[in-house]
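Peer 1: sequence below, structure please.
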Amino acid sequence: MQPAGAVALPPEVIASYVAEGLWDDAGLRIGIEAWAQRTPDRVALVEDDRAWTYAELDAAVARAVTRLTEFGLDANRGVLVIAPLHALSVVAYHAVLRAGGVAVMLDRRCGRADVTAALAAGDIAAVVAPPHLIEALTLADLGRPVLTFDELVAPSEEFRGWVEPDPRRGCAVVFTSGTTSRPKAVVHCLNTIRAGARNMAGSLQVTADDAAFLSTPIASITGLVQAHLTLDRGATLILEDQFEPARSLDRLIRHGATILGGAPVILEQLIDEARRRDLHDLPLRALALGGAMIPRPLLELALARYRITPVRMYGSSEIPCATYTLVSDVGEARLRDDGACAPGTQLSIDDATGELLVRGPSRFLGYLDEQDNRAALADGGWFRTGDVGRIEAGRLTVTGRLKEVVARKGLKISLAEIDEVVASLPGVEEAAAFGVPDAETGERLAIAIRVVDADAVDFDAVVNHCLAAGLAKWKLPEQVDVWESPLPRTASGKIQRRYLANAAACRRRLLAPRLRRDEPV
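Peer 2: Residues are numbered from 1 along each chain as shown. Next comes the predicted model:
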């Protein structure tokens, strides 16, 4: 299951990764198996309140490998894993790699269309899923063998004679979040995933004594990277499938989580809960944050009140942890930008569009859809990120998305800029801008806001706040959609802008004067 038509990294670039130790031939056995031999009773995974030792995890993976070898896996055949954030999902992922196949990962919140697309993307030998999803998604009708997770690890021979996979061949497929377009199938190899994990480990200074609290889906690149970040180093991974601020904070404290990585919205909710309880001490020592604009006050609070070191990271499903805060950074240097390049990573800006281009040892092999590769991969192995930003003294500041703009009478307005300004209006808990077709201007700028008191929101108050913040008049929103429920987000915490316009029909809508005669309020 290899990407077709992908632009490979130049041979001399790959050679530099090998020379610098950023890519290697280290097998899978340096991870779970080695730690099971060295410290069998060390805790590898925590699920709810059950702890899995490295010995137990090793045995479960070996039993799962036995079962998966029945399906004739090789480097071009996949196993579709529909994964809750549970220990057995981690077992399934690692077993597929050791059985010689490709782990095609979907989150448990997927729909039937996601499953169909995943099956169409490559040769799927079997499907592994929880029983309730086998029924809900009618997986038995797909013409593939279907296993529950319990069946995958049922008592059997523990097969350990598997051949180490080529670390440069595709071993895992994850899907982009699809916040602005359809999800894309992203292919990674062991070297690229481990490079992302190595980058994160270096910035966070991870050791075997750490425990990472994971609330991002294991089926995402963040989930897979953190699985390698911890299990390759003998650390602990705490799995939080059902995030709820009060309960999740209790578990984080009870299990002594030292590292939190994932979407900023998770941190916001945990910090809010800690403040509500008037807590001043948390076991966390470091935060790895990326995936969305990070509110500066949040970083300042984590550092000042809880003495937690914030680590900003930039990356994506395609190139995880490409830049990060340096260990040597202190004070303002930890807050002002998205960090410096990870070892071997290079940044460039497209002169014509301002788009950020990245290549490095964690860059994916390509998409399964050849058409996606033509649009995203440039000569020299550069990945077109779709982000815009600036590079100063080797450090990156991301300022927005290339496609996340509204073109009003030909003038482009950054949605991220509007988000930040409106979110600072008192009473606004969330804000996300989006575009709406407009006969007069081509597009008009709309903003969805979640507020405490929907009836108290006034259009003029929103506009006046934007003007007071320094926005130009041509950047002002002309439509305000008022939400009393959370704005739609992906599992990784990103706002799903493409859903905002469709979901706005039943919301209270406030319009600029020129629109009030033409559209219902």
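Peer 1: going by C-alpha atoms from here, please, whenever you check contacts or count neighbours.
Peer 2: Noted.
Peer 1: give the buried residues for the helix or strand of the chain with the lowest mean pLDDT.
Peer 2: Least confident helix or strand, the chain: strand 411-414 with a mean of 75, by mean pLDDT, DSSP states H and E. Buried positions in strand 411-414, judged by neighbour count with 16 or more other CA atoms under 10 Å: 413-414.
Peer 1: what does stretch 157-169 give?
Peer 2: 158-160, 165-167, 169.
Peer 1: take the residues you listed and keep only those in strands.
Peer 2: Among the buried residues of stretch 157-169, DSSP state E puts none in strands.
Peer 1: got JSON lines for these, with pLDDT too?
Peer 2: Formatted as JSON lines, the buried residues of stretch 157-169 follow (pLDDT from 0 to 100):
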{"residue": "Glu158", "pLDDT": "93"}
{"residue": "Phe159", "pLDDT": "92"}
{"residue": "Arg160", "pLDDT": "93"}
{"residue": "Pro165", "pLDDT": "95"}
{"residue": "Asp166", "pLDDT": "96"}
{"residue": "Pro167", "pLDDT": "96"}
{"residue": "Arg169", "pLDDT": "96"}
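Peer 1: just the ones in helices from the residues you listed, please.
Peer 2: Secondary structure from DSSP state H places none of the buried residues of stretch 157-169 in helices.
Peer 1: turn the residues you listed into TSV, columns for distance to Pro11.
Peer 2: As requested, the buried residues of stretch 157-169 are arranged in TSV below (distance: CA to CA, whole Å):
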residue	distance to Pro11
Glu158	39
Phe159	36
Arg160	34
Pro165	21
Asp166	17
Pro167	16
Arg169	15
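Peer 1: between those residues, which is nearest Leu260?
Peer 2: Using CA to CA, Pro167 comes nearest to Leu260 of the buried residues of stretch 157-169, at 27.8 Å.
Peer 1: right, and that closest one touches Ala75 too?
Peer 2: No - under the criterion of CA atoms under 8 Å, Pro167 makes no contact with Ala75, lying 10.9 Å away.
Peer 1: what's the spacing between Pro10 and Ser328?
Peer 2: Noted for Pro10: a distance of 32 Å to Ser328, by CA to CA, to the nearest Å.
Peer 1: my bad, Lys409
Peer 2: Taking CA to CA as the measure, Lys409 falls 46 Å from Ser328.
Peer 1: Thr399 - that's part of a strand, no?
Peer 2: Yes - secondary structure assignment places Thr399 in a strand (DSSP: H, G, I helix; E, B strand; the rest coil).
Peer 1: okay, it and Ser348: tell me how far apart.
Peer 2: According to CA to CA, Thr399 and Ser348 sit 15 Å apart.
Peer 1: again with Gly427
Peer 2: 39 Å.
Peer 1: same check on Asp250?
Peer 2: 43 Å.
Peer 1: so where do the strands sit in the stretch 1-150 of the chain?
Peer 2: Taking DSSP state E, counting those that start in this stretch as the criterion, the stretch 1-150 of the chain carries its strands at 43-47, 50-53, 77-83, 102-107, 123-128, 146-147.
Peer 1: how distant is the last one from the center of its chain?
Peer 2: If you compare the mean C-alpha spot of strand 146-147 with that of the full chain, they lie 27 Å apart, counting by CA atoms, centre = their mean, to the nearest Å.
Peer 1: stretch 46-64 now?
Peer 2: 24 Å.
Peer 1: list the buried residues of stretch 466-477.
Peer 2: Across stretch 466-477, burial judged by 16+ other CA under 10 Å covers 466, 471, 475-477.
Peer 1: meant to ask about stretch 379-392
Peer 2: 381-388, 390-391.
Peer 1: what sits against the closest residue to Gln37 other than its chain neighbours?
Peer 2: Excluding the flanking residues, the one nearest Gln37 by CA to CA, 6 or more residues apart in numbering is Ala55, at 7.6 Å. By CA atoms under 8 Å, 6 or more residues apart in numbering, the contact list for Ala55 reads 36-37, 40-41.
Peer 1: can you give me the strands for the stretch 251-400 of the chain?
Peer 2: 259-262, 286-289, 309-314, 323-324, 340-341, 346-349, 355-359, 366-367, 377-378, 382-392, 395-401.
Peer 1: next, the angle strand 355-359 makes with the longest one.
Peer 2: Strand 382-392 and strand 355-359 meet at an angle of 110 degrees, taking axes from the mean of the first three to the mean of the last three CA atoms, to 10 degrees as the criterion.
Peer 1: try the third one
Peer 2: Between the axes of strand 309-314 and strand 355-359, defined by the same axes, to 10 degrees, the angle is 100 degrees.
Peer 1: how much space separates the nearest residue to Ile308 once chain neighbours are set aside from Gly101?
Peer 2: The spatially closest residue to Ile308, leaving aside those adjacent along the chain, is Arg285, at 4.7 Å (CA to CA, 6+ apart). Distance, Arg285 to Gly101, using CA to CA: 37 Å.
Peer 1: higher neighbour count, those two?
Peer 2: Taking other CA atoms under 10 Å, Arg285 and Gly101 do not tie; Gly101 has more neighbours (28 against 18).
Peer 1: per-residue confidence for the more buried one?
Peer 2: Gly101 carries a pLDDT score of 96 in this model.
Peer 1: which residues does it contact?
Peer 2: If you count contacts by CA under 8 Å, 6+ apart, then Gly101 has 73-79, 171 around it.
Peer 1: switch the cut-off to 10 Å
Peer 2: Taking CA atoms under 10 Å, 6 or more residues apart in numbering, we find Gly101 in contact with 1, 68-69, 71-79, 93, 95, 124-125, 165, 170-172.
Peer 1: so where do the helices sit in the stretch 51-200 of the chain?
Peer 2: Secondary structure of the stretch 51-200 of the chain by DSSP state H, counting those that start in this stretch: the helices cover 54-68, 87-98, 112-121, 131-136, 149-152, 190-204.
Peer 1: mean pLDDT lowest for which of these?
Peer 2: helix 112-121 (a mean of 88).
Peer 1: counting by contacts, list what it packs against.
Peer 2: Judged by 3 or more CA pairs under 10 Å, 6 or more residues apart in numbering; DSSP states H and E, the packing partners of helix 112-121 are strand 77-83, strand 102-107, strand 123-128, strand 170-175, strand 185-189.
Peer 1: can you tell me which of those strands comes nearest to Pro437?
Peer 2: strand 170-175 (28.8 Å).
Peer 1: the closest one pairs with which strands, parallel or anti?
Peer 2: For strand 170-175, the paired strands and their directions (DSSP bridges) are strand 102-107 (parallel), strand 185-189 (antiparallel).
Peer 1: helices along the stretch 351-500 of the chain, start to end?
Peer 2: Counting by DSSP H, counting those that start in this stretch, the stretch 351-500 of the chain has helices at residues 370-376, 415-423, 459-468, 497-500.
Peer 1: could you check the angle the longest one makes with helix 415-423?
Peer 2: In terms of direction (the same axes, to 10 degrees), helix 459-468 departs from helix 415-423 by 110 degrees.
Peer 1: for helix 459-468, C-alpha coordinates in CSV please.
Peer 2: Output in CSV follows, covering the C-alpha atoms of helix 459-468 (Å, rounded to 0.1, in the frame of the first residue of the first chain):
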residue,chain,number,x,y,z
PHE,A,459,-24.1,43.4,16.0
ASP,A,460,-22.7,46.9,16.6
ALA,A,461,-20.9,45.7,19.7
VAL,A,462,-19.1,43.1,17.7
VAL,A,463,-18.1,45.6,15.0
ASN,A,464,-17.1,48.3,17.4
HIS,A,465,-14.9,45.9,19.3
CYS,A,466,-13.2,44.9,16.0
LEU,A,467,-12.6,48.6,15.1
ALA,A,468,-11.2,49.3,18.6
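Peer 1: buried ones in it?
Peer 2: 459, 462-463, 465-466.
Peer 1: of all the helices of the stretch 51-200 of the chain, which lies closest to Pro437?
Peer 2: helix 112-121 (27.6 Å).
Peer 1: and the closest one, what's buried?
Peer 2: 115, 118-119, 121.
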